[in-house]
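> I'll drop the sequence and a predicted model, then ask my questions.
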Amino acid sequence: MKAILLAGGKGTRLRPLTLNTPKPIVPIFNRPFLMYQLDQLRRVPEITEVILSLNYQPRRIEETFGDGEALGIKISYAVEPQPLGTGGAIKFSAQTVQDSVIVLNGDVLQQIDLQAVIARHRERKAKATIVLTPVDNPSAYGLVETDAEGNVRRFLEKPKADEITCNTINAGIYVLEPETLDRIPANENYSIERQYFPSLVANGETFVAYVNDGYWIDIGTPEKYRQVHRDIMDGRYQAAPFLDAPGGVVDLGARLEDDVQIEGPCFLDEGVVVRRGARLGPYAVLGRQCQVDDQAQVRDSVVWANTVVGAESSLDGALVGRNCHVGRNTVLSEGRMLGDRSTVTDFSKL
């Protein structure tokens, strides 16, 4: 059985962080985002190959994962000649697929028993199975309505309050039978959500839902990108390296000078230097070789590798790319973002 990971998006909502780093490999702590999804796929013995469907900066992604030998799973690549939409990307990537194929949206992190999803698909002899997740605010999403037997009956695009009949949304995981992909035109932009799935309902084909109550998040916005770090640190999503972190502090080899104050949970990657009197946390994430100078404060912020935070500066709720220089006595407040190699001059307030 093969898996397709849809990883062709440009990550426009995360710009400027994604100008040099495609969204599938933005770091979650010190690991590329897609690595967490690959971890899940490796736990399914019958999955023998993962096809990464790419479009934006594919070489950067291929350089990161290679052929998968070091990860213990075969990885191949399907690079779209032009953006083909979700359905078109699946069609393009599935040219060698002969059995049921599992498809994962490359924007989403979730904890789910993939083997149970595949088993449900086969038990029902479904043409397609879609994973759904319940949400607290149904009016903010397109909803997927099912019947008592778990068959998909209707898609509701961001319904009004009086139109809401359920609270389940598309979670971005599907199991599909290869013959159903024939309806997708080759090399054309085609939506699996707006065209392929409705065609299954219209034709009365066996289209099954699997409702997953576990953790689910779309990391595609700055707020959600910061949140996924907080959720892992708080144990809402179980992932290394926070599984057994004493006091919630992960230190992979930082050098801390005198009078440094650290309040967990937080993460310090290899080679981090924290100067005298600096204060870190909670929810500070410092990438490899970062430096935090005297009396500076970093909390609830994600700082990528090789960035310097100047003396007496304050980062609170910020996202900072690689190789940046934040001047002394500078303030970066909630929601501020800096792309790679940015320089903020001393005494700036953003």
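Alright, I've got the coordinates.
> low-confidence ranges, this protein, go.
Scanning the chain for pLDDT under 70 picks out 159, 243.
> any idea which strand is longest in it?
Across the chain, the longest stretch assigned as strand under DSSP state E is strand 168-176.
> can you tell me what sits against that strand?
90, 100-105, 107-108, 110, 112, 114, 117-118, 121, 126-135, 138, 141-146, 192-193, 209, 211-212, 216, 218 (Cβ atoms under 8 Å, 6 or more residues apart in numbering). C-beta: built from backbone N, CA, C; applies to glycine.
> distance between the ends of stretch 332-350?
5 Å (Cα to Cα, to the nearest Å).
> same check on stretch 10-19?
Start-to-end, stretch 10-19 (Cα to Cα) is 8 Å.
> quick check: buried residues in that stretch?
11, 13-14, 17-18 (16 or more other Cβ atoms under 10 Å).
> Asn20 and Asp294: what is the separation?
Asn20 sits 30 Å away from Asp294, going by Cβ to Cβ, to the nearest Å.
> next, count neighbours for Ile219.
A count of nearby residues for Ile219, using other Cβ atoms under 10 Å, gives 24.
> wait, it touches His229, no?
No: counting by Cβ atoms under 8 Å, Ile219 sits too far from His229 to count as a contact (9.7 Å).
> what's the overlap in contacts for these two?
Here Ile219 and His229 share the contacting residues Ile28, scored by Cβ under 8 Å, 6+ apart.
> what helices or strands is the longest helix along the chain leaning on?
Longest helix of the chain, by residue count under DSSP state H: helix 222-233. In terms of contacts (3 or more Cβ pairs under 8 Å, 6 or more residues apart in numbering; DSSP states H and E), helix 222-233 is packed against strand 27-28, strand 216-218, strand 266-268, strand 301-303, strand 319-320.
> beta partners for Val103?
Beta-bridge partners for Val103, by DSSP bridges, are Ile4, Tyr174.
> ok, it to Asn189 distance?
Relative to Asn189, and taking Cβ to Cβ, Val103 is found at 17 Å.
> those two: who's more crowded?
The residue with more neighbours, out of Val103 and Asn189, is Val103; 24 against 15, by other Cβ under 10 Å.
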